[in-house]
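Visitor: With the sequence up front, the predicted model follows.
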Amino acid sequence: MEWSGQSILVTGGAGFIGSHTVVQLLKQGFSVSIIDNFDNSAMEAVNRVRDLVGPKLSLKLEFNQGDLRSKEDLENLFSKKTFDAVIHFAGLKAVGESVAKPQKYYDNNLVGSINLFEVMEKYNCKKMVISSSATVYGQPDKMPCVEDFKLQAMNPYGRTKLFLEEIARDIQKAEPEWRIVILRYFNPVGAHESGRIGEDPRGIPNNLMPYIQQVAVGRLPVLNVYGYDYPTKDGSAIRDYIHVMDLADGHIAALRKIFTTKSIGCTAYNLGTGCGTSVLEMVTAFEKASGKKIPVNMCPRRPGDATAVYASTKKAEKELGWKAKYGIEVICRDQWNWASNNPWGYQGKPLN
Ligand SMILES: NC(=O)c1ccc[n+]([C@@H]2O[C@H](COP(=O)([O-])OP(=O)(O)OC[C@H]3O[C@@H](n4cnc5c(N)ncnc54)[C@H](O)[C@@H]3O)[C@@H](O)[C@H]2O)c1
Ligand SMILES: O=c1ccn([C@@H]2O[C@H](COP(=O)(O)OP(=O)(O)O[C@H]3O[C@H](CO)[C@H](O)[C@H](O)[C@H]3O)[C@@H](O)[C@H]2O)c(=O)[nH]1
């Protein structure tokens, strides 16, 4: 079967990873429909995706404001158009908020996903790429994380990802016609090389890179480094930071696999680089890329954080033919390009 030129529904396509993936999908010749409720994104991101791909490819992009928790919104979409596959990004992702408001996370991430499965089944669209996370490995005793490790969630957000994976496996087992690829992202960072689209979190960022970025542009005074007594080379924790454009290409590789492999079943792949970088190494790399000093405040460990998490990349390399191209220098260069051109994100100026 041909695997490009088809019609793809992207849930959460206005968000950070979704917007970058939509650019790559359009460039590869796919037609794209987005559904997003702007819970954590803005129309400006979609407008900029259109600018980046140009007027001709923009004709192949359709935006629908809608919520996966509303079956009516999904019915409206599927009854009007035939989709060859769905890439499912839509979801809430803040670990701390999920601990404080677990129902909100189960409702949004699981009810929304179950609605999506039901409507896809009804309209006989049974090919899907799902966003999961390295968080489903919990705190493994061995590194790198291999796809067949025991899965274990540490908080409500992580449980929504783990349950979503299990739901997908059960549905595919019951109805073998489904072809599903689950992608477990490690730490997605960086931005499109144009500096036009990037990550724009609401409120004070929880994650390292957006926080460093906001210190560099003067929105925040100092970076709190959570943990300086880990058993690592410099005492700070280690993660596998992956460029969002590498991730976007990983989704194209997953689609190719789905369209060309009848027997794919429901298969999970790590999307990471296989390289670990410490918090302090990342600070130094960002200072070098930006020419800005990032003041740091050494703090106690953040509860629930692991010492070191990085991916085994062998399965994705072998079976998807995909490998990350970019390291932390390019990540920091592109993140700084986005930050310096858009110090206040898509809103353009501080919100009062
Ligand atoms: N960024 C990360 O660190 C990371 C790591 C691992 C996994 N993930 C997963 O990848 C996916 C994408 O993450 P992201 O970083 O692009 O997040 P994001 O918040 O930037 O994008 C998610 C998008 O989904 C939309 N959305 C949320 N709930 C919705 C709903 N019910 N209906 C319609 N739209 C809805 C939001 O408005 C947003 O545009 C998420 O499922 C997330 O859990 C992200
Ligand atoms: O202001 C900050 C923010 C983070 N960190 C440290 O930086 C490292 C990375 O933290 P992030 O919050 O950026 O990322 P995590 O690895 O904790 O988790 C992220 O990536 C995971 C996948 O591995 C999950 O998807 C999770 O939901 C997502 O938040 C951690 O050691 C953390 O303690 C700081 O020192 N200061």
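Guide: Done, it's in. Ligands and ions are numbered 1, 2, ... in the order given.

Visitor: Please count neighbours and contacts with C-alpha atoms only from this point.
Guide: Fine.

Visitor: And the strands in the stretch 201-350 of the chain, which stretches?
Guide: 223-226, 238-239, 241-243, 266-271, 277-278, 296-299 (DSSP state E, counting those that start in this stretch).

Visitor: Which one of those lies nearest to N341?
Guide: strand 241-243 (18.5 Å; C-alpha to C-alpha).

Visitor: how about that closest one, does it get close to ligand 2?
Guide: No. Residues of strand 241-243 are not located near ligand 2 by C-alpha under 6 Å from any ligand atom, the shortest gap being 8.7 Å.

Visitor: Was I right to think K104 contacts S98?
Guide: Yes. Taking C-alpha atoms under 8 Å as the definition, K104 is a contact partner of S98 at 7.4 Å.

Visitor: Of the two, which one has the most company?
Guide: For the pair K104 and S98, the greater number of neighbours falls to S98 (20 against 16), based on other C-alpha atoms under 10 Å.

Visitor: Look up how far ligand 1 lies from the more buried one.
Guide: 11 Å (C-alpha to the nearest ligand atom, to the nearest Å).

Visitor: cool, and W336?
Guide: 17 Å.

Visitor: do the same with L9
Guide: For L9 relative to ligand 1 (C-alpha to the nearest ligand atom), the value is 12 Å.

Visitor: just to revisit the earlier point, would you reformat the strands of the stretch 201-350 of the chain as a markdown table and include mean pLDDT and mean neighbour count?
Guide: A markdown table is the format used below for those (pLDDT from 0 to 100; neighbours: other C-alpha atoms under 10 Å):
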| stretch | mean pLDDT | mean neighbour count |
| --- | --- | --- |
| strand 223-226 | 98 | 18 |
| strand 238-239 | 98 | 22 |
| strand 241-243 | 98 | 26 |
| strand 266-271 | 98 | 24 |
| strand 277-278 | 98 | 19 |
| strand 296-299 | 98 | 13 |
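
Visitor: wait, which of these is closest to V119?
Guide: Distance to V119, taken as C-alpha to C-alpha, is lowest for strand 266-271 among the strands of the stretch 201-350 of the chain, at 18.5 Å.

Visitor: Need the residues that contact the closest one.
Guide: Here strand 266-271 makes contact (C-alpha atoms under 8 Å, 6 or more residues apart in numbering) with 134, 146-147, 168-169, 172, 178-186, 242, 247, 250, 311-313, 315-316.

Visitor: same question, stretch 99-118
Guide: Residues contacting stretch 99-118 (C-alpha under 8 Å, 6+ apart): 67-71, 74, 90-92, 98, 155-157, 160-161, 163-164.

Visitor: Of all the strands of the stretch 201-350 of the chain, which one comes closest to E62?
Guide: With C-alpha to C-alpha as the measure, strand 241-243 is the member of these nearest E62 (25.7 Å).
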